[in-house]
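Student: With the input below, show me the fold.
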Amino acid sequence: MKNKIGYTFLIISLFCTLLYGFDKLTSDNPADASLIRIGLSDIDSSSCKVCELNEIYYDSGCKRCIQDGVVLTSHVSNERLYNLGWSNDDGMYYGDNQCDGSKSFENTFSTINDTYYIEIIKNEQFLETNFYTDENFSSLQESVSIEMCSNPTNLKYIRISNEDGKPAGDGGKLYGYIDDIEILDNYNKKPTTIFSSSFNECIDKTCSNLWKFHNPEKIFIDIENDYLSFYSEVMGTNDYAHLKLDEELSDSWLMKFKFHINELEEHPHGKGILKLDPDIRQIILGIPALIFPFISYGITRKTKSNYFGIMMIITGLLILGSILFNFNQINLSMTNLSIGISIISVLIIILGILKIKVRKK
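Tutor: Residues are numbered from 1 along each chain as shown. Modelled structure (predicted):
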């Protein structure tokens, strides 16, 4: 009876090890998540050479480009809260050398089928974004403001980008469109319309080269529906669209646009084909895989079995192989845990060998 119980624990351990390894192997989730950034900058997307293929910041995307700018971000990671950012001679939303340039919404997050009518308002060093649920910009959903430490200047490019330069992987999906873009300059004095487009005048995907696109298959003008579509996935490319305004903006301006999400798939956050959260996977598969071999060995310690020893060795090798296979993905915070698991797997292998040696005697 004890032998059957011991074998049962070992079989469960081996089964959990295989499931854990299979689920972990299929959890190809990059650090970056699918996103779309919309805003204004003093440079166009194509001028950022440091984020091009084989360059220093390619894996980080164009957000590392030194620039003056204001940007709103919709993404599919963590709580999916919208984010407002600015920069002055720094990365896209990195602020400046005095303070951070990013602030998240508290209650408004990216959700499928949501439609927002958005205002981005800059008045000197005061930056504000308002989300409305109606086209008249009257029903306020949420407002976020930032007192900038310095003043982004020379803004003359509309920038839309997904910046997914990380190696291709399952970073979720974010599909949707942008419409009815309007920019008013000297907003607090005598407002003048600098740019306005509902895309219904466009006859091709670039609107007669008015817009510049890096990858027209991912960000383009949909001439059938008269809006600018975006398909954001982590594909190992930095896809973008930009348009140069006729003149630079002053220190006081208003940008308005319609934003809609057609399809959203959250970042898997380390989930594999079994769709288990990494912490849950560790509890229901990882812990039994590590503990059960010792329980089964203790129950059957007086039993001589060649097969039992071989099964323990296989289990230990599979656990150790999983650690070594993912060694380049292990960060500093996980190093001690990985070393501990490696030691446990080696002990399981040693116990399996001892079991075989006992049998041979």
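
Student: How many neighbouring residues does T8 have?
Tutor: T8 has 13 neighbours, counted by other C-beta atoms under 10 Å. Any C-beta I mention is one placed from the backbone N, CA and C, and that applies to glycine too.

Student: Helix, strand, or coil at it?
Tutor: Secondary structure assignment for T8 (DSSP: H, G, I helix; E, B strand; the rest coil): helix.

Student: What residue spans form the domains of this structure?
Tutor: 2-27+270-360, 35-265 (automatic domain parsing).

Student: Can you tell me which of these has the worst average pLDDT?
Tutor: Here the lowest mean pLDDT among these goes to domain 2-27+270-360, at a mean of 80.

Student: Packed most tightly, which of the domains of the chain would that be?
Tutor: Mean neighbours per residue, mean count of other C-beta atoms under 10 Å, is largest over the domains of the chain for domain 35-265, with a mean of 18.

Student: Quick check: next helix or strand after the helix or strand harbouring Y231?
Tutor: For Y231, the host element (DSSP states H and E) is strand 227-232. Sequence order places strand 240-244 as the next helix or strand after strand 227-232, per DSSP H and E.

Student: Mind giving me the packing neighbours of that following strand?
Tutor: With contacts taken as 3 or more C-beta pairs under 8 Å, 6 or more residues apart in numbering; DSSP states H and E, strand 240-244 sits against strand 157-161, strand 212-213, strand 219-222.

Student: how big is the angle separating the helix or strand following that strand from strand 157-161?
Tutor: Note on strand 240-244: by DSSP H and E, the next helix or strand toward the C-terminus is strand 252-265. For strand 252-265 against strand 157-161, the angle by axes from the mean of the first three to the mean of the last three C-alpha atoms, to 10 degrees is 10 degrees.

Student: what pairs with strand 252-265, and is each one parallel or antiparallel?
Tutor: strand 115-123 (antiparallel), strand 173-185 (antiparallel) (DSSP bridges).

Student: still on that earlier bit, will you turn the helices and strands packed on strand 240-244 into CSV that also has distance to S197?
Tutor: Formatted as CSV, the helices and strands packed on strand 240-244 follow (distance: least, C-beta to C-beta, whole Å):
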stretch, distance to S197
strand 157-161, 10
strand 212-213, 15
strand 219-222, 10
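
Student: quick one on the thing from earlier: what's the strand holding Y231 packed up against?
Tutor: Under the contact definition 3+ C-beta pairs under 8 Å, 6+ apart, strand 227-232 sits against strand 35-41, strand 173-185, strand 219-222.

Student: Can you tell me which of these is nearest to M235?
Tutor: Taking C-beta to C-beta, strand 173-185 is the member of these nearest to M235, at 10.8 Å.

Student: Of all the helices and strands packed on strand 227-232, which one comes closest to S27?
Tutor: Using C-beta to C-beta, the helices and strands packed on strand 227-232 put strand 173-185 closest to S27, at 16.5 Å.

Student: what about the closest one, distance to the chain center?
Tutor: Counting by C-alpha atoms, centre = their mean, to the nearest Å, strand 173-185 is centred 21 Å from the centre of its parent chain.

Student: how far off strand 35-41 does it point, in degrees?
Tutor: 20 degrees.

Student: Using PDB, write down the CA coordinates of strand 173-185.
Tutor: Taking C-alpha atoms only, strand 173-185 is exported to PDB below (Å, rounded to 0.1, in the frame of the first residue of the first chain):
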ATOM      1  CA  LYS A 173      -3.500  43.200 -28.800                       C
ATOM      2  CA  LEU A 174      -4.900  46.700 -29.200                       C
ATOM      3  CA  TYR A 175      -6.900  47.500 -32.300                       C
ATOM      4  CA  GLY A 176      -8.900  50.600 -32.900                       C
ATOM      5  CA  TYR A 177      -9.100  54.000 -34.700                       C
ATOM      6  CA  ILE A 178      -8.500  57.700 -34.200                       C
ATOM      7  CA  ASP A 179     -10.800  60.300 -35.900                       C
ATOM      8  CA  ASP A 180     -11.800  64.000 -36.000                       C
ATOM      9  CA  ILE A 181      -8.300  65.400 -35.100                       C
ATOM     10  CA  GLU A 182      -8.300  69.100 -34.400                       C
ATOM     11  CA  ILE A 183      -5.600  71.400 -33.100                       C
ATOM     12  CA  LEU A 184      -6.200  75.000 -32.000                       C
ATOM     13  CA  ASP A 185      -3.300  77.300 -31.300                       C
END
